[in-house]
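[1] Sequence plus predicted model, see below.
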Amino acid sequence: MKPKELPTIARNIKKYRDKLGISQDGLSKRADIAYNVIIKIESGATPNPTIETMAKIAKGLGVSVDDLIK
């Protein structure tokens, strides 16, 4: 899958994670989510994560869920 084909959520998570300079593992710890869940979402394998997962990721990144889906 090319980066442009990735779901918006996947691109935004990576963008905010890169801004903070944290790894996928670092985000998984901050968001209290399994590492492989972060990998699956960012790779596009899980294009529609649950709202609970999104809320945890948003909190871990210090952004709103809106920021991740726009």
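    Right, received. Where do you want to start? Numbers count the residues shown, from 1 in each chain.
[2] Can you tell me the centre-most residue of the protein?
    Ile13 (3.5 Å; C-alpha atoms, centre = their mean).
[3] what's near enough to touch it?
    27, 38, 41-42, 57, 61, 68 (C-beta atoms under 8 Å, 6 or more residues apart in numbering). C-beta coordinates here come from the backbone N, C-alpha and C atoms, glycine included.
[4] so which of those residues would you say is closest to Thr8?
    Leu68 (8.1 Å; C-beta to C-beta).
[5] Contact partners for that closest one?
    Here Leu68 is in contact with 9, 12-13, 16, 54, 57-58, 61 (C-beta under 8 Å, 6+ apart).
[6] Please apply the same query to Asn12.
    By C-beta under 8 Å, 6+ apart, the contact list for Asn12 reads 67-70.
[7] continuing past the longest helix along the chain, what's the next helix or strand?
    Identified as the longest helix of the chain according to DSSP state H is helix 8-20. As assigned by DSSP states H and E, the chain's next helix or strand after helix 8-20 is helix 24-31.
[8] hmm, back to that, which of the contacts of Ile13 has the most neighbours?
    Highest neighbour count within these, by other C-beta atoms under 10 Å: Ile57, with 28 neighbours.
[9] quick one on the thing from earlier: distance of the residue nearest to the centre of the chain from Gln24?
    9 Å (C-beta to C-beta, to the nearest Å).
[10] Residues that sit against both of those two, list them.
    38, 42.
[11] Spatially nearest residue to Val63 (excluding sequence neighbours)?
    Among residues not flanking Val63 along the chain, Tyr16 sits closest, at 5.6 Å (C-beta to C-beta, 6 or more residues apart in numbering).
[12] Could you check how far that neighbour is from Ile41?
    13 Å.
[13] coming back round to it: among the contacts of Asn12, which one is most surrounded by other residues?
    Going by other C-beta under 10 Å, Leu68 tops the contacts of Asn12 with 22 neighbours.
[14] for the closest residue in space to Ile51 that isn't next to it in sequence, phi and psi?
    When the adjacent residues along the chain are set aside, Ile51 lies closest to Val65, with 7.3 Å between them (C-beta to C-beta, 6+ apart). Main-chain dihedrals, Val65, degrees, to the nearest 10: phi -60, psi -40.
[15] Great, nothing more from me.
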